[in-house]
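> Kindly generate the corresponding structure for this input.
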Amino acid sequence: MDHEQAFELLAGYIDDELSLSEALEFERHLAGCEACKRAYEQQRKVSAQLRQADLRLEAPAELVKRIRASLPGRRSWWQRLAARFGAEGGAGGFAGFGTRGGTLGWGPVGVMALSLVALSWSAGLYLSMPSGNSRLTEELVDSHVRSLQFNHLYDVISTDRHTVKPWFDGKLDFAPPVVDLAQQGYPLVGGRLDYLDGRAVAVMVYRYKLHPINLYVWPGNDASATPRLSERQGYHLAHWSAGGMNYWAVTDAGDTELDGFLAALRAHSAS
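Residues are numbered from 1 along each chain as shown. Predicted coordinates for the structure are as follows:
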């Protein structure tokens with residue numbers, strides 16, 4: 001990480017908005033860079049001062065009253081709709097029962113209409129929300145793209161699985177399986193930590209020629225043993241579970257190359 005990248009991440013680090021891997025990379029850079037340390041301390045002090053209560057000014061009650069009085073008295077859409085039904089109910093009604101003079105006013109009809117509108121809106125909002133799996137897929141693609149943009153594919157760089165696997169010790173609450181697929185054309189090049197679906201995960205990084213393949217692993221059994229393939233934003237993904245672990249592979253390589261990687265990885269795990 002250079003100075004320019006560090007300054008871009010500085011505000012996010014102070015506000016706890018960085019991912020786990022970004023925060024770790026920033027802290028490593030900070031440990032060896034006096035200029036960035038000074039910039040960090042200055043911005044941290046400014047941020048702390050801005051949060052002090054004595055810098056906030058409480059508006060006088062009379063000022064608040066005048067401002068509110070000057071605002072236009074615009075009713076909400078719900079209020080206007082209820083008023084409309086109430087006005088129409090006063091001019092006429094339906095023949096019915098249980099009301100004075102045998103007339104059913106528009107008030108109950110208005111309430112029913114509002115309830116139906118609210119129910120329809122809630123149902124539409126629920127249906128438009130992405131599913132948990134869809135949100136996770138978006139997180140994975142964002143993580144993959146972010147690792148390329150910040151040139152941070154790995155926290156540990158090594159083609160030796162006996163170096164990569166022990167690196168995760170003490171950093172995770174599980175031991176991720178790490179295999180070497182160099183002979184199959186998918187060499188291991190390193191590993192890193194990431195944060196997905198509300199937890200820390202392991203990422204093993206492989207390559208097919210110039211195409212990186214991020215293999216995300218964490219405990220669970222959320223999918224079938226047969227990989228399920230999908231595509232999002234031009235990236236190819238595969239998801240499966242095996243041996244008590246969830247696996248996601250993400251790459252910009254083609255379907256054929258991803259199929260070859262999956263076959264090699266699953267054959268090695270089964271042996």
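
> which secondary element of the chain has the worst mean pLDDT?
Every helix and strand in the chain was compared by mean pLDDT, DSSP states H and E; the lowest is strand 94-95, with a mean of 44.

> Just the CA atoms of stretch 173-187, as CSV, please.
In CSV, the C-alpha atoms belonging to stretch 173-187 read as follows (Å, rounded to 0.1, in the frame of the first residue of the first chain):
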residue,chain,number,x,y,z
ASP,A,173,-11.9,-19.7,14.7
PHE,A,174,-11.5,-22.5,12.2
ALA,A,175,-8.7,-24.1,10.2
PRO,A,176,-9.4,-23.7,6.4
PRO,A,177,-8.3,-26.5,4.1
VAL,A,178,-5.5,-25.4,1.8
VAL,A,179,-4.5,-27.5,-1.3
ASP,A,180,-1.9,-27.0,-4.0
LEU,A,181,-3.2,-27.3,-7.5
ALA,A,182,-0.1,-26.2,-9.4
GLN,A,183,0.1,-29.5,-11.3
GLN,A,184,-3.4,-29.1,-12.5
GLY,A,185,-2.7,-25.6,-13.9
TYR,A,186,-4.2,-23.6,-11.0
PRO,A,187,-1.2,-22.7,-8.7
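
> Can you list the low-confidence ranges for the stretch 151-271 of the chain?
Within the stretch 151-271 of the chain, the ranges that satisfy pLDDT under 70 run 151, 270-271.

> where do the helices sit along it?
According to DSSP state H, counting those that start in this stretch, the stretch 151-271 of the chain carries its helices in the segments 161-167, 255-270.

> can you tell which of those helices is closest to G244?
Evaluated with Cβ to Cβ, the helices of the stretch 151-271 of the chain place helix 255-270 nearest to G244, the distance being 12.0 Å. All C-beta atoms are positioned from the backbone trio N, CA, C, and that covers glycine.

> Closest to the centroid, which residue in the chain?
Against the mean C-alpha coordinate of the chain, by Cα atoms, centre = their mean, the closest residue is E139 at 5.0 Å.

> any idea which element that residue lies in?
Here E139 sits within helix 132-149, counting by DSSP states H and E.

> just L9 next, same as before
With DSSP H and E as the criterion, L9 is inside helix 3-14.

> what comes up buried for that helix?
For helix 3-14, the neighbour count (16 or more other Cβ atoms under 10 Å) marks 5-6, 9-10, 13 as buried.

> next one: it to chain centre, how far?
20 Å (Cα atoms, centre = their mean, to the nearest Å).

> what's the very next helix or strand once past that helix in contact with?
Per DSSP H and E, the first helix or strand lying C-terminal to helix 3-14 is helix 20-31. Outside helix 20-31, the residues that touch it by Cβ atoms under 8 Å, 6 or more residues apart in numbering are 1, 6, 9-10, 12-13, 18, 36-37, 40, 146-147, 150, 152, 155, 192-195, 200.

> Please identify which of the helices of the stretch 151-271 of the chain is closest to P212.
Of the helices of the stretch 151-271 of the chain, nearest to P212 by Cβ to Cβ is helix 255-270, at 11.3 Å.

> The closest one - contacts with which helices or strands?
strand 199-208, strand 211-219, strand 235-242, strand 245-251 (3 or more Cβ pairs under 8 Å, 6 or more residues apart in numbering; DSSP states H and E).

> Let's see that with 6 Å instead.
strand 235-242 (3 or more Cβ pairs under 6 Å, 6 or more residues apart in numbering; DSSP states H and E).

> circling back to that earlier point, any idea how far the residue nearest to the centre of the chain is from A175?
Distance, E139 to A175, using Cβ to Cβ, to the nearest Å: 23 Å.

> K65 too?
64 Å.

> go on, W167?
If you go by Cβ to Cβ, the gap between W167 and A175 works out to 11 Å.

> follow-up on the earlier one: and the residue nearest to the centre of the chain, how far from I213?
Distance from E139 to I213, by Cβ to Cβ: 17 Å.

> Outline the domain layout of the protein.
3-49, 133-270 (automatic domain parsing).

> Give the rounded mean pLDDT of the shortest one.
I take that to be domain 3-49. The average pLDDT for domain 3-49 rounds to 79.
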